[in-house]
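Enquirer: Sequence plus predicted model, see below.
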Amino acid sequence: MNSDVLWLRAHVVRAIRNFFWDRGFLEVETPLLIPANAPEEYIDPLAALPWQLQTSPELCMKRLLCRGHKRLFQISHCWRADERGFRHLSEFTMLEWYRADSDYNALMADCEELLQHVATACLAEAPFYRHQSCRIDPFESWVIISVQEAFWRFSNTNVWECLKKGIYEEILTEMIEPALAGFSAPVLMTDYPAELAALSRLKPGQTELAERFELYLGGLELANGFSELNDPLEQRRRFENANRLRIGVGRGALPLPERFLEELGSLPPSAGIAMGVDRLVMLAAGADTIDEVVAFTPEQL
């Protein structure tokens, strides 16, 4: 990383902190080494025996919501095994924030205000983000499009048929995300099929959908947020299903986060989101790869 980008990264992190402090969020630090992460089909945690390094601070931060805290944020290192590419590192920096008594609509508003704040604070001479040949203006009207609409519009396919055929990820990466790069404003892709609900709650009156969204700039996924599921029995069922899917693809089952499940029934209606800090710095710097915005890559250690 050259000196200018190192300074820019520091300014971006400071701007993030100022944004949340000014809005009354409590900054927290939770353990990096935990007994169990949330089991997911395609994410493998890094073992640090006898426990694991966190893939996200999500579980501990939700437990703090269960104990009465209302607004929380954290900038933390996370680890995921076997992730390496021009947008991926096994060790990376994550921003997560949570709101009690809120839903995913509040998070979408937060995203808009945060990206505008960072652009104003750190990119004053040219307050827009860049990815490859795309210029993304956070002050333009943001684009909101549902997952099912995006699949019909950009690939002429039905998202549920893609899930049944096992080609969802292929269509997403080869057709949908490149199409999203055509927008000059940030894009919020919303209302995921219930099959992709993860830790989110289903949409009232439309239980085939989850109250989940992802934020894209120039076709680059930056954040994943949702209204939180607070039903421990349903959450256990989803974790167990994720482990069945992992076994089916040869990844092996993961331990369940039992203390999280024990407390989940106390979670008030809440919303939470994870945003990649390294990717945000990439967009601020106009960098083509994640390697350009970290002090050291794994290959340099």
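Expert: In hand now; what should we look at? Residues are numbered from 1 along each chain as shown.
Enquirer: now the helices: where do they sit in this structure?
Expert: 3-22, 58-66, 104-122, 147-155, 159-165, 168-171, 177-180, 232-248, 258-263, 277-285 (DSSP state H).
Enquirer: list the helices and strands the second one packs on?
Expert: In terms of contacts (3 or more Cβ pairs under 8 Å, 6 or more residues apart in numbering; DSSP states H and E), helix 58-66 is packed against strand 71-79, strand 91-100, helix 258-263, strand 270-276. For the C-beta atoms, the positions are set from N, CA and C on the backbone; glycine is no exception.
Enquirer: circling back to that earlier point, in JSON lines: the helices of the chain, plus distance to Phe128.
Expert: Formatted as JSON lines, the helices of the chain follow (distance: least, Cβ to Cβ, whole Å):
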{"stretch": "helix 3-22", "distance to Phe128": "14"}
{"stretch": "helix 58-66", "distance to Phe128": "30"}
{"stretch": "helix 104-122", "distance to Phe128": "7"}
{"stretch": "helix 147-155", "distance to Phe128": "23"}
{"stretch": "helix 159-165", "distance to Phe128": "31"}
{"stretch": "helix 168-171", "distance to Phe128": "29"}
{"stretch": "helix 177-180", "distance to Phe128": "16"}
{"stretch": "helix 232-248", "distance to Phe128": "38"}
{"stretch": "helix 258-263", "distance to Phe128": "39"}
{"stretch": "helix 277-285", "distance to Phe128": "9"}
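Enquirer: can you redo those as JSON lines with mean neighbour count and distance to Pro39?
Expert: Output for those, formatted as JSON lines (neighbours: other Cβ atoms under 10 Å; distance: least, Cβ to Cβ, whole Å):
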{"stretch": "helix 3-22", "mean neighbour count": "16", "distance to Pro39": "29"}
{"stretch": "helix 58-66", "mean neighbour count": "22", "distance to Pro39": "11"}
{"stretch": "helix 104-122", "mean neighbour count": "19", "distance to Pro39": "22"}
{"stretch": "helix 147-155", "mean neighbour count": "18", "distance to Pro39": "23"}
{"stretch": "helix 159-165", "mean neighbour count": "15", "distance to Pro39": "19"}
{"stretch": "helix 168-171", "mean neighbour count": "16", "distance to Pro39": "18"}
{"stretch": "helix 177-180", "mean neighbour count": "18", "distance to Pro39": "25"}
{"stretch": "helix 232-248", "mean neighbour count": "15", "distance to Pro39": "4"}
{"stretch": "helix 258-263", "mean neighbour count": "16", "distance to Pro39": "11"}
{"stretch": "helix 277-285", "mean neighbour count": "24", "distance to Pro39": "24"}
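Enquirer: do you know which of these lies nearest Arg212?
Expert: Among the helices of the chain, helix 104-122 comes nearest to Arg212, with 6.9 Å by Cβ to Cβ.
Enquirer: what's the angle from that closest one to helix 3-22?
Expert: Angle, helix 104-122 to helix 3-22, by axes from the mean of the first three to the mean of the last three Cα atoms, to 10 degrees: 130 degrees.
Enquirer: For the helices of the chain, give me a markdown table that also has mean pLDDT.
Expert: Output for those, formatted as a markdown table (pLDDT from 0 to 100):
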| stretch | mean pLDDT |
| --- | --- |
| helix 3-22 | 97 |
| helix 58-66 | 98 |
| helix 104-122 | 98 |
| helix 147-155 | 98 |
| helix 159-165 | 96 |
| helix 168-171 | 96 |
| helix 177-180 | 97 |
| helix 232-248 | 96 |
| helix 258-263 | 98 |
| helix 277-285 | 98 |
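Enquirer: Please consider this matter closed, and thank you.
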